[in-house]
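1. Build me a structure from this.
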Amino acid sequence: MHYDLDFKIKVIAYYRQGHTKGATGEKFGLDDKMVSEWVKQYQSGGINAIKPKTGKTKYSADFKYQVIALMLAEELSQSETALKFNISSPSLISHWYKAYRLHGMSGLTSKYKGSTLMKPPIASKPDDEKTPTELKRELQYLRAENAYLKKLDALLREREQAATKQGSSKD
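-> Purely as a prediction, here's the structure:
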């Protein structure tokens, strides 16, 4: 169910008057987890963070990658990451991460028609039959994918080293 901004503000105001999450939820007919979520969103991003979304938000592949990279680098949960980036659903981050693990950067590109995002390279014909424009587009795509893979590799190595250091200090 979607709630309007005025209702959310009333709920948060009531909670901030010193009432518990449970009491607030009971008064407004809400689960205390929802009260907690709205309060956290409001504290992290103000009114804009609790405004109902108008339509489906589209995120670029770069943005999705930044979200995943920060989540891994700072070892944040999906909920913490969603709050940090004002993303309405933490499960969206899970989908992005799974798509990235399976398909790399191409998994993060939008599948909508008319997308202005970079298209995957043309692999249906041999290189000697491709036009210079097609070859340039493919080269650009492969360079971008390579750069992202290098960043991910560096991030994973950094995490492994940090885990190794923590493990060796326990001896």
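2. From now on I want contacts and neighbour counts done on CA atoms only, so please keep to that.
-> OK.
3. Walking through this protein, point out its helices one by one.
-> Taking DSSP state H to define them, one finds helices in the chain at 5-16, 21-28, 32-45, 47-50, 61-73, 78-85, 90-103, 132-168.
4. Give me the mean pLDDT for the longest one.
-> For helix 132-168, mean pLDDT rounds to 83.
5. Tell me how far that helix lies from the chain's centre.
-> Centroid separation for helix 132-168 versus its chain: 18 Å, with Cα atoms, centre = their mean, to the nearest Å.
6. what ranges of this protein fall below the confidence cut-off?
-> Along the chain, the parts satisfying pLDDT under 70 run over 1, 53-55, 111-123, 168-171.
7. give me that answer again for 90
-> Within the chain, the stretches with pLDDT under 90 are 1-6, 8-9, 32-34, 37-38, 40-62, 76, 78-92, 94, 97, 99-171.
8. so how many other residues sit close to Ile87?
-> Close neighbours of Ile87, defined as other Cα atoms under 10 Å, add up to 20.
9. That should have said Gly107, apologies.
-> Neighbours of Gly107 (other Cα under 10 Å): 17.
10. Setting aside sequence neighbours, what's the nearest residue to it?
-> Excluding its sequence neighbours, the residue lying closest to Gly107 (Cα to Cα, 6 or more residues apart in numbering) is Ala99, at 4.8 Å.
11. Quick check: the one you found touching Thr109?
-> No. The pair Ala99 and Thr109 does not pass the contact test of Cα atoms under 8 Å, sitting 9.6 Å apart.
12. Looking at the two, which one has more neighbours?
-> Thr109 (22 against 16).
13. these two touch, right, that one and Lys58?
-> No. With contact defined as Cα under 8 Å, Thr109 does not count as touching Lys58 (10.4 Å).
14. related to what we said a few turns ago, JSON lines for the helices of the chain, including distance to Pro126?
-> As requested, the helices of the chain are exported to JSON lines (distance: least, Cα to Cα, whole Å):
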{"stretch": "helix 5-16", "distance to Pro126": "55"}
{"stretch": "helix 21-28", "distance to Pro126": "62"}
{"stretch": "helix 32-45", "distance to Pro126": "51"}
{"stretch": "helix 47-50", "distance to Pro126": "49"}
{"stretch": "helix 61-73", "distance to Pro126": "28"}
{"stretch": "helix 78-85", "distance to Pro126": "42"}
{"stretch": "helix 90-103", "distance to Pro126": "22"}
{"stretch": "helix 132-168", "distance to Pro126": "11"}
